[in-house]
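A.B. asks: Have a look; sequence and predicted model below, questions after that.
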Amino acid sequence: MKVLDGHTIVVTPYGDPFKVRLACIRTPQLPQGSSGLAAKAALEARLQPGAWVTLSTRSKAADGVELAEITHVGSRVPINLSLVQVGLAALDRQAANPCNQEIYREAEMRAQAMRLGLWMSSPGTR
């Protein structure tokens, strides 16, 4: 697995590599400075080399990239949701959202209330 940014990885399960974007969330882009780098670092920390994960494909993006919830084998919390919980991602409200929006929204509100990550400087909503 290779992490490209805070919400895109390349996986090579048994052959040709392909891109997967984390479904249901938005993270800062790398050109956005420290917040983009922090999101990428957090995803890299969660996807250590050799980690066993499951990809629950939710849909495809307009560019053909798979959108999936990624979960460590044996865990119940998708990595997508864990990034929201620590304030490094927000619920993607613009896309047709195939994930459990209520859980993601609650995690985002808790991160905002605690002023974590993206919400450090202001408690406002996105």
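C.D. replies: Noted; the coordinates are in hand. All values derive from a computational prediction rather than experimental measurement.
A.B. asks: which residue ranges form the strands in the protein?
C.D. replies: 2-5, 8-11, 18-22, 25-26, 53-60, 66-72, 90-91 (DSSP state E).
A.B. asks: Tabulate those (TSV), appending mean neighbour count, mean pLDDT and distance to Ala111.
C.D. replies: Any C-beta I mention is one placed from the backbone N, CA and C, and that applies to glycine too. Below are the strands of the chain laid out as TSV (neighbours: other Cβ atoms under 10 Å; pLDDT from 0 to 100; distance: least, Cβ to Cβ, whole Å):
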stretch	mean neighbour count	mean pLDDT	distance to Ala111
strand 2-5	16	92	20
strand 8-11	17	91	21
strand 18-22	19	93	16
strand 25-26	24	92	12
strand 53-60	15	87	22
strand 66-72	21	93	18
strand 90-91	24	92	9
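A.B. asks: Could I get the ones you listed in TSV, plus columns for distance to Leu83?
C.D. replies: Below are the strands of the chain laid out as TSV (distance: least, Cβ to Cβ, whole Å):
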stretch	distance to Leu83
strand 2-5	12
strand 8-11	12
strand 18-22	7
strand 25-26	6
strand 53-60	14
strand 66-72	10
strand 90-91	9
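A.B. asks: Next, count neighbours for Gln29.
C.D. replies: Residues lying near Gln29 (other Cβ atoms under 10 Å) number 14.
A.B. asks: er, Met1 I mean
C.D. replies: Met1 has 18 neighbours, counted by other Cβ under 10 Å.
A.B. asks: if I pick it, what's in contact with it?
C.D. replies: 9-12, 47, 49, 51, 53 (Cβ atoms under 8 Å, 6 or more residues apart in numbering).
A.B. asks: Just checking, which helix or strand of the protein averages the lowest pLDDT?
C.D. replies: The weakest-scoring helix or strand in the chain, judged by mean pLDDT, DSSP states H and E, is strand 53-60 (a mean of 87).
A.B. asks: Go ahead and flag the most central residue of this structure.
C.D. replies: Asn80 (3.6 Å; Cα atoms, centre = their mean).
A.B. asks: for the closest residue to that residue other than its chain neighbours, what are its contacts?
C.D. replies: Spatial nearest neighbour of Asn80, chain neighbours left out: Leu22 (4.5 Å); criterion: Cβ to Cβ, 6 or more residues apart in numbering. Residues near Leu22 by Cβ under 8 Å, 6+ apart: 7-9, 43, 67-70, 79-80, 83, 89.
A.B. asks: Great, nothing more from me.
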